[in-house]
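Enquirer: give me the fold of what follows.
(one chain, ligands or ions: 1)
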Amino acid sequence: MEKQHENLIIIGTGAAGLTAAIYAARANLKPLVLAGLQPGGQLTITSDVENYPGFAEAIQGPWLMEQMQKQAENVGARILYDLIAGVDFAKTPFCLMGDSGAQYHTDSVIIATGAQARWLGLESETRFHGKGVSACATCDGFFYRGKKVAVIGGGNSAVEEALYLSNICESVTLIHRRDHLRAEQLLQTRLMATPNINIMWNHVVDEVLGDSGSAGGSAGGMGGGVTGLRLASTLDASAQKLAVDGVFVAIGHDPATSVFKDAIALDAEGYIITEAGGVHSSVAGVFAAGDCVDKIYRQAVTAAGMGCMAALDAEKFLAEQRMR
Ligand code: NAP
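Expert: Numbers count the residues shown, from 1 in each chain. Next comes the predicted model:
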């Protein structure tokens, strides 16, 4: 069986993992970066990116991730494609087992495995991804300025997305499957006090309607995209149409952390618990960054910032270990 020993292994090649790789490589740690099922992370399924600093014009998410990977490789990070299927953090060096059968031994680890947005699971929702269907108001809301949009969900994310969009869009309809929200009270109070937000209780989306005949189109719905929703009541057999230009699905995220569940502390929703404001996990020498930790901000730039913090702390940890 193939075995190798590393200073630092970074798991994940999204914005957090690759930023950690850039910093760690420049600190001469020679990091090995392991890429999983979606190399490049969530930005690879995004089209226009206008909120990553440093680019005056909109850039494409996949291009940004390609650049980050090349930047990491140019400063000395090695990238390997192997999905991590098991870990042993109970003793040092830590051991990671890859799907390929390889075992990796390492003195430190940065977990940057990200999270996936939950989707409704409708065929029409998939068809209009990036053409009117989004899971991130902060990323895509600007494309809908002055337009009518819907937000699906009743948790903190849905209410925060609705409030954010209410400052940009003509109107926002929050569609929730029950008759009360699970979002915290303060957010609910702000929601109810916002005049251009309507709430549609006890409804689910049956179909995303749109003009799929036209080719292409961005998140802004140019050249084809979403025109409305067909909604079904959860109380009776009634159905109705709602005209909207965009729909934001905010029904939660799933952090990609199941492989770590017996190795480090996770919260009830599976997010990695780190010390307040930092990147240290419950095991010394194992750090975590990006959307596998963060359920609030979930931005490429915040993930990149956490990746930087994790690399700096890993470097400090390794230096302290070697002083002993
Ligand atoms: P969440 O709390 O799990 O809420 C998901 C919402 O989506 C629920 O209202 C749920 O309905 C609804 N839903 C789930 N599946 C659905 C489906 N198939 N069709 C229609 N509706 C569906 O998720 P979240 O709002 O993303 O929050 C996740 C965690 O992050 C929570 O712990 C939250 O407090 C935290 N968070 C915190 C902040 C903050 O502190 N500012 C911001 C965002 C998130 P039901 O209510 O009927 O189950």
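Enquirer: pLDDT of stretch 258-266, averaged?
Expert: What stretch 258-266 shows for mean pLDDT is 97.
Enquirer: end to end on it, go ahead and measure it.
Expert: Taking C-alpha to C-alpha, to the nearest Å as the measure, stretch 258-266 stretches 9 Å from start to finish.
Enquirer: buried residues, it. List them.
Expert: Buried positions in stretch 258-266, judged by neighbour count with 16 or more other C-beta atoms under 10 Å: 259, 260, 263, 264, 266. From N, CA and C alone the C-beta is placed, and that goes for glycine too.
Enquirer: show me the contacts for whichever residue of the stretch 51-200 of the chain sits closest to the ligand.
Expert: Closest residue of the stretch 51-200 of the chain to the ligand, C-beta to the nearest ligand atom: residue 155 (2.4 Å). Residues near residue 155 by C-beta atoms under 8 Å, 6 or more residues apart in numbering: 181, 182, 183, 250, 251, 252.
Enquirer: how about residue 264?
Expert: Counting by C-beta under 8 Å, 6+ apart, residue 264 makes contact with 89, 111, 272, 273, 281, 282, 283, 286, 288.
Enquirer: the residues you listed in strands, which ones?
Expert: If you go by DSSP state E, those have 111, 286, 288 in strands.
Enquirer: element containing the closest residue to the second one other than its chain neighbours, please.
Expert: For residue 286, the nearest residue in space outside its immediate sequence neighbours is residue 109; the separation is 4.8 Å by C-beta to C-beta, 6 or more residues apart in numbering. Element membership of residue 109 [criterion: DSSP states H and E] is strand 103-111.
Enquirer: can you list the buried residues in that strand?
Expert: Using 16+ other C-beta under 10 Å as the test for burial, strand 103-111 gives 104, 106, 107, 108, 109, 110, 111.
Enquirer: dump it to CSV, keeping only the CA atoms.
Expert: Output in CSV follows, covering the C-alpha atoms of strand 103-111 (Å, rounded to 0.1, in the frame of the first residue of the first chain):
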residue,chain,number,x,y,z
GLN,A,103,-2.8,6.3,2.9
TYR,A,104,-1.4,9.8,3.7
HIS,A,105,0.4,10.5,6.9
THR,A,106,0.7,14.1,8.0
ASP,A,107,1.7,16.3,10.9
SER,A,108,-1.2,18.8,10.3
VAL,A,109,-4.4,19.0,8.3
ILE,A,110,-6.6,21.8,7.0
ILE,A,111,-10.1,20.7,6.3
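Enquirer: show me what that strand is packed up against.
Expert: Using 3 or more C-beta pairs under 8 Å, 6 or more residues apart in numbering; DSSP states H and E, the elements in contact with strand 103-111 are strand 3-11, helix 15-26, strand 32-35, strand 94-98, strand 286-288, helix 300-323.
Enquirer: got CSV for these, with mean pLDDT too?
Expert: Formatted as CSV, the helices and strands packed on strand 103-111 follow (pLDDT from 0 to 100):
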stretch, mean pLDDT
strand 3-11, 91
helix 15-26, 98
strand 32-35, 97
strand 94-98, 97
strand 286-288, 98
helix 300-323, 96
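Enquirer: can you tell which of the ones you listed is closest to the ligand?
Expert: helix 300-323 (12.9 Å).
Enquirer: who touches the closest one?
Expert: With C-beta under 8 Å, 6+ apart, helix 300-323 has contacts from 7-8, 14-24, 27, 29, 31, 43, 49, 51-53, 64, 107-108, 110, 112, 114, 278-280, 284-285, 287-291, 293-294.
Enquirer: residues touching residue 294, list them.
Expert: 271, 302, 303, 306 are the contacts of residue 294 under C-beta under 8 Å, 6+ apart.
Enquirer: endpoints of stretch 40-58, how far apart?
Expert: 18 Å.
Enquirer: stretch 81-89 now?
Expert: 21 Å.
Enquirer: ok so, going back, measure the residue of the stretch 51-200 of the chain closest to the ligand to residue 127 for me?
Expert: Distance of residue 155 to residue 127, given as C-beta to C-beta, to the nearest Å: 25 Å.
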